[in-house]
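Novice: test case, fold it:
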Amino acid sequence: NGEKLEQVREAARQVLAGLEDGEAFNLIAYNQEVEAYADKPVIKNSASVKRARAWLDGIRPLGGTNIHDALVEALRQKPRRGMLPIVLFLTDGLPTIGQTSERAIRRQSTRGNRHHKRIFTFGVGVDVNTALLEKMAAESRAFATFVLPGEDVEVNVARVFKGLAGPVLAEPRLIEIQK
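Specialist: Modelled structure (predicted):
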């Protein structure tokens, strides 16, 4: 909530701005519940970005952190053909709602990842399960980033996102952003 939520919103706006028209994206917010911007990834154009920005502005903080179900939703969505399937997974808390077992969440990130999405994790603040986020990322051929209090979430997300556009991964991307 508060400053962290606004930083996550701004990070999502930066990622949306960095996508090329025609690339696919989706946004997923989670707390006690999981809410997706769309049922499946949508193609970036001016209208979809305008709707996505309005959706981001409408997110309201509620208690709880439902990491497992957010991960289920992100991994369930079939990527668009010809696009590199990537999840940018941001959290500022420990799993407190739904399935909270680290083992079950990790199992979901591997066995439930039938589209072989790379899960880049971002832990914001000091109340995150660093081991879980590191393992989820590593097991999906990605990496974890940790943002300490006073650091800028947007800068860290932008750094990773810009790296995805480099020569190693210079192909279309599917980006899903979770709060």
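
Novice: quick one, strands of this protein?
Specialist: Assigned strands in the chain, in chain order: 24-30, 34-36, 42-43, 84-91, 118-124, 144-147, 173-178 (criterion: DSSP state E).

Novice: least reliable of these going by mean pLDDT?
Specialist: Among the strands of the chain, strand 173-178 has the lowest mean pLDDT, at a mean of 46.

Novice: which residues touch the residue lying closest to residue 90 once chain neighbours are set aside?
Specialist: Taking CB to CB, 6 or more residues apart in numbering as the measure, residue 90 lies nearest to residue 122, with 4.4 Å between them; neighbours along the chain are not counted. Bear in mind the C-beta positions are built from the backbone N, C-alpha and C, glycine included. Counting by CB atoms under 8 Å, 6 or more residues apart in numbering, residue 122 touches 88-91, 133, 144-147, 153, 156-157, 160.

Novice: with distance to residue 24 and neighbour count added, can I get those in JSON lines?
Specialist: As requested, the contacts of residue 122 are arranged in JSON lines below (distance: CB to CB, whole Å; neighbours: other CB atoms under 10 Å):
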{"residue": "88", "distance to residue 24": "13", "neighbour count": "25"}
{"residue": "89", "distance to residue 24": "17", "neighbour count": "28"}
{"residue": "90", "distance to residue 24": "19", "neighbour count": "25"}
{"residue": "91", "distance to residue 24": "23", "neighbour count": "23"}
{"residue": "133", "distance to residue 24": "24", "neighbour count": "24"}
{"residue": "144", "distance to residue 24": "24", "neighbour count": "20"}
{"residue": "145", "distance to residue 24": "23", "neighbour count": "19"}
{"residue": "146", "distance to residue 24": "28", "neighbour count": "16"}
{"residue": "147", "distance to residue 24": "26", "neighbour count": "22"}
{"residue": "153", "distance to residue 24": "23", "neighbour count": "23"}
{"residue": "156", "distance to residue 24": "23", "neighbour count": "19"}
{"residue": "157", "distance to residue 24": "18", "neighbour count": "26"}
{"residue": "160", "distance to residue 24": "18", "neighbour count": "18"}
